[in-house]
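# model the following, please.
(chains A and B)
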Amino acid sequence: MSQVDASQDDLMRLLIAVSHEDRRAFQQMYELISGRMYGVCLKLAGQRELAEEALQETFIQIWHHAREYHSDRGTPLGWMMTIARYRTLDLMRARKVRQHAGEEHLEHVEDQRAGPLDESLRSAGATQLTGCLDELSDVQRDSILLSYYKGLTHDELSQALSSPIGTVKSWIRRGLIALKRCLEK
Amino acid sequence: MRMTTERIESLAAEYVLGSLHGRARRRFERWMMESGRVRQEVWYWEQKLGQLSAEVPAVEPPKSTWRAIERRLWPQTADSVERAGSGLRWLWPSWSLVATAAAVVLAVLIVQQPVSAPQLSGAIVQADVSDPLWLVSESGPDRLLKLRSVAASAADTGKDYELWIVPEQGQPLSLGVIPAGGVHQVTLTDEARTALSQSRTLAISLEPVGGSPTGAPTGPILHVTKLYEL
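Okay, here's the model as predicted:
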């Protein structure tokens, strides 16, 4: 079974076993989802070392907190991916990733309306969220996707999109509210 | 601060997005602990925005990540597994030196010999040198390991080459200093022979004249080679 094919039922079964400290189930789960999870950590952190550490922290947290999962938190995979994002963001903030260096992903912004967001992710993002991202303005959508995929802070976004920080904050805030209204329709 | 619905919505969304940070993030986490309504809102966004993760291509993490997780969760078990794992572990710090400096590759050598028991043979080669540096052969009955120099050049002044068996477990066993020219023969002890027949791995390190003063490699590992059974 490949990582992509892992069904939520399989993961649910494994997660329950992990909550009973079943190490084999834990390893099986790692084999099923670590690739997808590492992809997200790596995209967010932009560097392998930090992404690897975040992946470790995530699985350690899953081992200790498996029994805290419940269906209100989404699918088992979604819950675990959320943990991975939070751990990566924590490490990025703790290490002050990008604060002093690493501006390379921001440099080409000035000439390009598209900004530092991969085209593939922009269009992919649009197919998710039941098309609601399409209803946002370009800057609203880009600032949300840049925060989500790259973990850019308001400061970094304001540089990346060459706009004052207050403007960026309001794009995000209004964009998210508009997104929610659309999703609720 | 008053929690209007809109305020909870947007703070929860920004919390999940990650754009809420520093003190505001910690303050919000306290609200989450205090309020089920705030938590519900966070979970809502985790699920909605989480769909975006599905679009990120998977990347296989390095094997070392799983081992690190095991080591951190179960230090004792993981250690014993590692001890039983590979005697090559001590090589890694020096290995990168070899890889960049010499680009060592391995080669098989077919030597015509009447054989009764399996015998080991191989070559120590270097990528940018067309001839092997040394040819290695084992003769079973008299327990001799023979190294014939072909293209090896003398070690730097004040240095010697030292030959090692890298066992599957534990520390490398010294087979003494080897000359850059001529033929060098070593009689293998029982222990050395067993170790070599199991791991079939030899290494050469650069040591002070006369060999390592400590009994373990101290200098850079110049070559590692795996021998083949004939």
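# alpha carbons only for contacts and neighbour counts from here, please
OK.
# ok, which residues in chain B are in contact with chain A?
Counting by Cα under 8 Å from any Cα of the partner chain, the residues of chain B close to chain A are B:6, B:9-10, B:13-14, B:17-20, B:40, B:43-44, B:46-53, B:55-61, B:65-66, B:68-69, B:72-73.
# next SSE after the least confident helix or strand in chain A by mean pLDDT?
For chain A, the helix or strand with the lowest mean confidence is helix A:119-127, at a mean of 61 (criterion: mean pLDDT, DSSP states H and E). Following helix A:119-127 in sequence order, the next helix or strand is helix A:138-150 (DSSP states H and E).
# the host helix or strand of residue A:167 - contacts with which helices or strands?
Using DSSP H and E, residue A:167 maps to helix A:165-184. For helix A:165-184, the elements it packs on are helix A:138-150, helix A:154-160, helix B:5-17, judged by 3 or more Cα pairs under 8 Å, 6 or more residues apart in numbering or on different chains; DSSP states H and E.
# now the last one - C-alpha only, PDB.
The C-alpha trace of helix B:5-17 is given here as PDB (Å, rounded to 0.1, in the frame of the first residue of the first chain):
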ATOM      1  CA  THR B   5     -18.000  35.800  16.900                       C
ATOM      2  CA  GLU B   6     -16.100  37.500  14.200                       C
ATOM      3  CA  ARG B   7     -13.100  38.000  16.400                       C
ATOM      4  CA  ILE B   8     -13.000  34.400  17.400                       C
ATOM      5  CA  GLU B   9     -13.300  33.400  13.800                       C
ATOM      6  CA  SER B  10     -10.500  35.500  12.500                       C
ATOM      7  CA  LEU B  11      -8.100  34.800  15.400                       C
ATOM      8  CA  ALA B  12      -8.800  31.100  15.100                       C
ATOM      9  CA  ALA B  13      -8.100  31.200  11.400                       C
ATOM     10  CA  GLU B  14      -4.900  33.200  11.900                       C
ATOM     11  CA  TYR B  15      -3.900  30.800  14.600                       C
ATOM     12  CA  VAL B  16      -4.300  27.800  12.300                       C
ATOM     13  CA  LEU B  17      -2.700  29.700   9.400                       C
END
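# ignoring the adjacent residues along the chain, who's closest to the residue of chain B at minimum distance from chain A?
Relative to chain A, the nearest point of chain B is residue B:58 (4.1 Å; Cα to the nearest Cα). Counting by Cα to Cα, 6 or more residues apart in numbering or on different chains, residue A:36 is the residue found nearest to residue B:58 once chain neighbours are left out, at 4.1 Å.
# can you pull the contacts of that neighbour?
A:3, B:56-60 (Cα atoms under 8 Å, 6 or more residues apart in numbering or on different chains).
# now do it against residue A:43, distance only.
11 Å (Cα to Cα, to the nearest Å).
# name the residues contacting each of these two.
residue B:56.
# C-terminal to the top helix by length along chain A, what's the next element?
If you go by DSSP state H, chain A has its longest helix at helix A:23-45. Next along the chain after helix A:23-45, taking DSSP H and E as the criterion, comes helix A:48-65.
# now do the helix or strand just after that following helix: which elements does it pack against?
Moving toward the C-terminus from helix A:48-65, the next helix or strand (DSSP H and E) is helix A:76-94. Helix A:76-94 is packed against helix A:8-19, helix A:23-45, helix A:48-65, helix B:36-50, with contacts defined by 3+ Cα pairs under 8 Å, 6+ apart.
# looking at those helices, which is closest to residue B:200?
helix A:23-45 (31.4 Å; Cα to Cα).
# in the closest one, which residues are buried?
Using 16 or more other Cα atoms under 10 Å in any protein chain shown as the test for burial, helix A:23-45 gives A:25-27, A:29-30, A:32-45.
# could you measure from the nearest residue to residue A:75 once chain neighbours are set aside over to residue A:14?
Using Cα to Cα, 6+ apart and skipping the chain neighbours, the partner closest in space to residue A:75 is residue A:8 (6.7 Å). Residue A:8 sits at a distance of 10 Å from residue A:14 (criterion: Cα to Cα).
# how about low-confidence regions in chain A?
Low-confidence segments of chain A (pLDDT under 70): A:1-6, A:97-128, A:130.
# kind regards, and thank you for your time.
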